[in-house]
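[1] need a structure here:
(one chain, ligands or ions: 3)
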Amino acid sequence: MISETTQSNMAKKNQTLGEFIIENQAEFKYSSGELSRLINSIRLAAKVVNHEVNKAGLVDIIGAAGDTNIQGEDQQKLDVYANEKFIQTLSNRNIVCGIGSEENDDFIAINSLDENNQNKYVVLIDPLDGSSNIDVNVSVGTIFSVYRRVTPVGTPVTIDDFLQEGNKQVAAGYVIYGTSTMLVYTTGHGVNGFTLNPAIGTFYLSHPSMQFPETGNIYSINEGNYAHFPQGVKSYIKYCQEEKEDRPYTSRYIGSLVSDFHRNLIKGGIYIYPQTSKAPNGKLRLLYECNPMAFLAEQANGLASDGFQRILDIQPTELHQRVPIFCGSRKMVEKAEEFMKNS
Ligand code: AHG
Ligand code: MN
Ligand code: MN
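    Ligands and ions are numbered 1, 2, ... in the order given. Sure, this is the predicted structure:
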C-alpha cells in the first residue's frame, strides 16, 4: 500500500513547472503575478536555448559557430545566441525594465522611453556558463538573478538598479543543459528543481526542496592554479587531502560553475574559485554568477562566502565586478573560511 506521504510526494513530482508557478504565486512578497510571468519567460527561453545547445555536436554537419550555413545564414556562437534569446524573451513581456548580461558591456534599458511602462524588475544573466565546454560535449548552463528596481517605476533604469546587494534578490536560478535539462530556482522559499521532458517540452518537478547535505566529500577547485592561491586555500586543499576521519575528500572539477554547483548540491561538496596572485578578485562575477548561486546555496541550507564574509552582503560597485567564492555544504564552507581567516 502507498503511504499518504509517498502519495503526496508522487503528486508533487507529477507537477509541471507551469502548475508549480501558479500554485506558489501567493508566496511572493509582492504577489501581482509579474514575477510568475518572469519565471515563465525564463522557462521559455531555456527551452529555446536547450534546443540549440543540443545541436552543438552537429557542427561538422551544419557548420561551426562563425560559419555561414547552407541557407546563407550566419551561425552564431552559442553564448551570443543564448544571450539574444534570453534578452528577447525577457524584453517582450512588460515585466522587466533592465537587463545586465555577461555578454554586454553595459546594461540594457527596456521601454525606457515609454512613460506608461510599469516594469519593476531587473534581471542579471550569464546566458551560457561554462561555454568552453560546449565543443567537448560537457554540460553548460544559464544563470539568472532577479531584483526589484530601486529607482521610480516609469523612469529609465540606472546603474543603481543593478548594483544591489545579493540579499535583495527576489529570485535566482540556473538552467543546466546536461544529460537532462533542468531548471533549478528559488524565490526565497527553498530551492526546487524541474527536469525537462524533451519529447513534449514540459518541465516537471523532479527535485522538490533541494538541500545541500550539511557536509560532503567533494572539493571542486582548479588546482592547476595552486601556485597562485593564497595560503589559506593551499592549507584547506591539504586538509581535504589529509588521511584523517572522513578524508581524503574527492576532487571533482568540471569547469562549468553550474554543473559543479549542481553536483555538489546533490552529493555534498564545496566549490571554490579563490583570488589568485594573478587575479586578486578571482574570476567569477558577483552579479550574475556568485550572487545567484549564493542565494540558491543559502536557500538550500548551504553557505556562500568570499572567504571572509557572506557573498550576499557585498555592496557591488561595478556591473562586471569579480569576487572570490567558496560555496556549498555549510560545514565545508565554514572550515574553508577558518583556514582563510587563520592564514
Ligand atoms: P563563462 O563560460 O560564463 O565565462 O564561465 C566560466 C567560468 C565558470 O563556469 C567556471 O567554473 C570557471 O569559469 C572555470 O574557470 P577556470 O577555467 O579558470 O577553472
Ligand atoms: Mn560563467
Ligand atoms: Mn558565460
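[2] show me where pLDDT drops low in the stretch 51-200 of the chain?
    Scanning the stretch 51-200 of the chain for pLDDT under 70 picks out the ranges 59-76, 113.
[3] for it, what spans make up the strands?
    96-101, 108-109, 121-129, 140-148, 171-177, 181-186, 191-197 (DSSP state E, counting those that start in this stretch).
[4] in TSV, list those along with mean neighbour count.
    Glycine gets a C-beta too; all of them are placed from N, C-alpha and C. Below are the strands of the stretch 51-200 of the chain laid out as TSV (neighbours: other Cβ atoms under 10 Å):
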stretch	mean neighbour count
strand 96-101	25
strand 108-109	16
strand 121-129	27
strand 140-148	26
strand 171-177	27
strand 181-186	23
strand 191-197	22
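[5] tabulate those strands (CSV), appending distance to Asp306.
    Below are those laid out as CSV (distance: least, Cβ to Cβ, whole Å):
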stretch, distance to Asp306
strand 96-101, 20
strand 108-109, 28
strand 121-129, 18
strand 140-148, 17
strand 171-177, 17
strand 181-186, 20
strand 191-197, 21
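[6] who wins for proximity to Glu165 among those?
    strand 140-148 (9.6 Å; Cβ to Cβ).
[7] distance from the chain centre to the closest one, please.
    5 Å (Cα atoms, centre = their mean, to the nearest Å).
[8] strand partners of that strand, parallel vs antiparallel please.
    Within its sheet, strand 140-148 is paired with strand 121-129 (antiparallel), strand 171-177 (antiparallel), according to DSSP bridges.
[9] output the longest one as CSV, nothing but the C-alphas.
    The C-alpha atoms that make up strand 121-129 are tabulated as CSV, following Å, rounded to 0.1, in the frame of the first residue of the first chain:
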residue,chain,number,x,y,z
TYR,A,121,12.2,44.0,-12.3
VAL,A,122,15.8,44.0,-13.4
VAL,A,123,17.5,40.7,-14.4
LEU,A,124,21.1,39.8,-14.5
ILE,A,125,22.2,36.8,-16.6
ASP,A,126,25.2,34.7,-17.5
PRO,A,127,23.5,33.4,-20.7
LEU,A,128,25.9,30.5,-21.2
ASP,A,129,28.1,29.5,-18.3
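[10] what angle do it and strand 96-101 make?
    Here strand 121-129 runs at an angle of 30 degrees relative to strand 96-101 (axes from the mean of the first three to the mean of the last three Cα atoms, to 10 degrees).
[11] can strand 121-129 be said to contact ligand 3?
    Yes - using Cβ under 5 Å from the ion, we find that strand 121-129 touches ligand 3 at Asp126, Leu128, Asp129.
[12] nearest to Val53, of the residues you listed?
    Val53 has its nearest neighbour among those in Leu128, at 8.0 Å by Cβ to Cβ.
[13] surely the closest one and Phe86 touch.
    No - if you go by Cβ atoms under 8 Å, Leu128 and Phe86 don't touch, sitting 9.5 Å apart.
[14] follow-up on the earlier one: for the strands of the stretch 51-200 of the chain, which one sits closest to ligand 1?
    Ranking those by proximity to ligand 1 (Cβ to the nearest ligand atom) places strand 121-129 first, at 4.1 Å.
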